[in-house]
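K.L.:
Here is my input, please return the structure:
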Amino acid sequence: MSTEPNKSASGLLNDALSHVSSLVRNEVDLARAEINENVNNAGAAIGLIIGALVVALTALNVLSAALVAALTEAGIPGGWSALIVGVVFAIIAYVMLKKGKDNLKLSSLAPSRTAKNVKRDARAVKEAYDDQ
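P.N.:
Predicted coordinates for the structure are as follows:
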């Protein structure tokens with residue numbers, strides 16, 4: 001705190017309050033930054049989900065065309081090619097949707113680093129005042 005040997009109780013209290021106030025401000029700033037980062041990650045996850053929906057609609061169109069082509073022109077390679085492309089699009093859509101959902105879990109939005117820092121700071125403050 002201070003190097004003055006005979007500092008008054010009110011001076012010590014003012015120093016402690018100043019340090020606690022600064023610590024709280026820093027933790028609030030850290031929480032704000034972490035929440036902003038997590039919201040950006042959620043935005044990217046939502047983008048993946050929207051992309052998955054677009055790809056899934058494309059897959060549905062291609063698979064429909066493949067089914068029609070396969071049924072009307074049995075044995076013609078064009079229909080089977082469309083079927084293969086449709087299945088590939090469906091797999092891509094599934095992977096994108098799963099990745100987006102995993103990134104959008106509520107636990108990934110919580111400011112976990114800030115919570116750890118607050119606990120660490122509380123322990124440090126407690127230890128500092130226990131030593132006195």
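
K.L.:
Have a look at the protein and report the helix or strand with the lowest mean pLDDT.
P.N.:
helix 112-131 (a mean of 73; mean pLDDT, DSSP states H and E).

K.L.:
Who are the packing partners of it?
P.N.:
Using 3 or more C-beta pairs under 8 Å, 6 or more residues apart in numbering; DSSP states H and E, the elements in contact with helix 112-131 are helix 9-72. For every residue, glycine as well, the C-beta is placed using N, CA and C.

K.L.:
re earlier: which parts of the least confident helix or strand of the chain are buried?
P.N.:
For helix 112-131, the buried set under the neighbour-count rule, 16 or more other C-beta atoms under 10 Å, comprises 114, 117-118.

K.L.:
Could you measure from Glu73 over to Ala82?
P.N.:
11 Å (C-beta to C-beta, to the nearest Å).

K.L.:
Which one's more surrounded, those two?
P.N.:
Ala82 (20 against 12; other C-beta atoms under 10 Å).

K.L.:
Contact partners for that one?
P.N.:
By C-beta atoms under 8 Å, 6 or more residues apart in numbering, the residues touching Ala82 are 62-63, 65-66, 69.

K.L.:
how about those residues in JSON lines, adding neighbour count and distance to Ile92?
P.N.:
Output for these, formatted as JSON lines (neighbours: other C-beta atoms under 10 Å; distance: C-beta to C-beta, whole Å):
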{"residue": "Val62", "neighbour count": "20", "distance to Ile92": "12"}
{"residue": "Leu63", "neighbour count": "17", "distance to Ile92": "13"}
{"residue": "Ala65", "neighbour count": "16", "distance to Ile92": "17"}
{"residue": "Ala66", "neighbour count": "20", "distance to Ile92": "16"}
{"residue": "Ala69", "neighbour count": "18", "distance to Ile92": "21"}
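
K.L.:
Looking at these, which is nearest Gly43?
P.N.:
Val62 (28.8 Å; C-beta to C-beta).

K.L.:
quick one: what helix or strand has the closest residue to that closest one other than its chain neighbours in it?
P.N.:
What sits nearest to Val62 in space, not counting adjacent residues and going by C-beta to C-beta, 6 or more residues apart in numbering, is Gly86, at 3.8 Å. In the assignment (DSSP states H and E), Gly86 maps to helix 77-103.
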